[in-house]
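Undergrad: what follows is a predicted protein model with its sequence.
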Amino acid sequence: MITQRTAQIEFYGGRSRTAALAWGQQGTWDLFQDWLPEVKPFFVLTRWLPVPLLMSLEEVFEQIGEILNRHEALCTLYRAPARGQASQEVLASGTLSVEVIDRAADDPVSFTDIVTGCLQRFSSRAFEHGEELPVRFAVATQDNIPILVVFAVSHLSADYTSAEILVAELSALLQARVKRQDPPPPRPALQPVDLATFEGSPAGQLLTVDAMHHMRAQLARMSQGMLPARRAPESPRFFRGELESDAIPVALRAAARRYRTTTSVLLLAITTSLLRPFLPGPFYPLDVMHSNRTTPDLFFTVTSLNQAVLCAVDLTATSFKDLLAQSDSVMTRARQHARYDQRAAARVFRGAADARGAAFDPGGQFNDMWSTLPRPAGPVATTPQALAQLARSTTFSWPQKTEAEGVALFLDTRGTAQRIELSLMADTAVLAPAEIRAILETFEQVAIALAGGDVTLDAVAGLLDEHLSAQRPTASTP
């Protein structure tokens, strides 16, 4: 038998204060307003983690309360009219309702089903940010013995890295408690209100000035038809293909060592090499998402920090090494200009469209979240045979199809340190479903090849053609 009840967890000892939203929060807030009442997948981040043996339910509640005490972003209400200047109100104390889902030992329902149902329930309903704390917790128990903690946090209060920080910190607190050790101290980090205060200062405003200079230079390179419609779209119009691979993480790290670069640069270079055959050039528009955790005081901040930097990415490189150098330059510029006032950027964008007398076409987005994960320790075999063995567990799926999206192409990476989730969402007027799948499958082959040696752009195009040819007999809408 499955039973469900609600418990109350207290948080206390904080500071009651109010401020404007920080830039990352403001951008997320505006995106929410663009889509509501539709709830998009990025609105809510979900995670789960095991509870160590021999812990009581009350002890688990205490550690959840400690997480709330440490991070003001989880104890915040957000208020504003839909398009007004939003504000954040940090509560000094209060309570959070936590679900307790108990499974009898002889019940046939698995904990996998319980967690899946909980995550779906948490993520399918938008947060009422003016009335509800931006985090939801549940504890799954067996005969009242805690087994798993499940949580969902609003993207307004946490980005992908923040969610991983919360998992790691709560896991460490639970382990310390079960071992009867002192809890690990909070890591020094700016709270969102402090971040917003800095951004309103002269030093913060100078970041926006510099970022807007960069944005205007990129807009000057933009033209119509950079991501052209090439075919009649499917219905629904946008398809997301996802490749899960154990081989790509190992291959990317090996190739990054060979080229003395980062995995993010490699990911962007491979992406550009695979898009070249479908785009007219000489540039394509790409919003490069950046985590903005570039200083020690932001490494462990829990908030929505990531922002997109508009880049006109050159498609005219004649070698993969040139493409790597170009991708390194793009990522460097993105890092330098990734903190700015989102509303100022919107004004610059509208001004550029007015000056040219036409709106800009939807562009693309590149969001590498996988490279922010801690790397596993120890040696890993990178021979062609070892990588081929890892590739045998690769899977492909179509996890999402929607009628409308904000961009024409969206490539993101996430997953675990050992297994990457490589996702490509595309307007099917720009890329056919078979082309989406071929790009992702070729991506793995290119990464594996780069782990062992250089690859020409012609070779990349040849591998892509092979995957496209293999799909042509069954290239109907999936």
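TA: Good, I have the coordinates.
Undergrad: where exactly do the strands run in the stretch 151-300 of the chain?
TA: Under the criterion DSSP state E, counting those that start in this stretch, the stretch 151-300 of the chain contains strands at 238-245, 283-290.
Undergrad: now for Gln13, how many residues are close by?
TA: Heads up, residue 13 is Gly, not Gln. 7 (other CB atoms under 10 Å). Using the backbone N, CA and C atoms, a C-beta is placed for each residue, glycine as well.
Undergrad: could you give the average pLDDT over stretch 20-34?
TA: Stretch 20-34 shows a mean pLDDT of 93.
Undergrad: quick revisit: now the strands of the stretch 151-300 of the chain as TSV including distance to Asp454 and mean pLDDT?
TA: TSV is the format used below for the strands of the stretch 151-300 of the chain (distance: least, CB to CB, whole Å; pLDDT from 0 to 100):
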stretch	distance to Asp454	mean pLDDT
strand 238-245	21	98
strand 283-290	24	96
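Undergrad: what ranges do the strands span in the stretch 351-478 of the chain?
TA: Using DSSP E, counting those that start in this stretch, strands in the stretch 351-478 of the chain cover 364-368, 395-402, 409-415, 420-427.
Undergrad: rewinding a little: how about the strands of the stretch 151-300 of the chain, which one is nearest Arg187?
TA: strand 283-290 (21.1 Å; CB to CB).
Undergrad: what residues of that closest one count as buried?
TA: For strand 283-290, the neighbour count (16 or more other CB atoms under 10 Å) marks 283-290 as buried.
Undergrad: so which of those is the closest to Pro52?
TA: Lowest distance from Pro52 to those (CB to CB) belongs to Met289, with 34.6 Å.
Undergrad: next up, the contacts around the closest residue to Gln224 other than its chain neighbours.
TA: Nearest non-adjacent residue to Gln224, counting by CB to CB, 6 or more residues apart in numbering: Asp361, 6.3 Å away. Applying CB atoms under 8 Å, 6 or more residues apart in numbering to Asp361 gives the contacts 224-227, 285, 408.
Undergrad: what's the neighbour count on Cys75?
TA: For Cys75, using other CB under 10 Å, the count is 25.
Undergrad: swap in Gly406?
TA: When neighbours are counted by other CB under 10 Å, Gly406 comes out with 13.
Undergrad: distance check, it against Glu128.
TA: Noted for Gly406: a distance of 23 Å to Glu128, by CB to CB, to the nearest Å.
Undergrad: the nearest residue to Val460 once chain neighbours are set aside: neighbouring residues, count only.
TA: Using CB to CB, 6+ apart and skipping residues adjacent in sequence, the residue nearest Val460 is Ser273, 4.7 Å away. Residue neighbour count, defined by other CB under 10 Å, stands at 26 for Ser273.
Undergrad: got a quick PyMOL command for the buried subset of the contacts of Asp361?
TA: What follows is the PyMOL syntax selecting those of the contacts of Asp361 that are buried according to 16+ other CB under 10 Å:
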select buried, resi 226+227+285+408
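Undergrad: contacts only, for the residue nearest to Val460.
TA: 320, 323, 446, 457, 460.
Undergrad: ok, and the most crowded of those residues?
TA: Neighbour counts for these (other CB under 10 Å) peak at Leu323, which has 25 neighbours.
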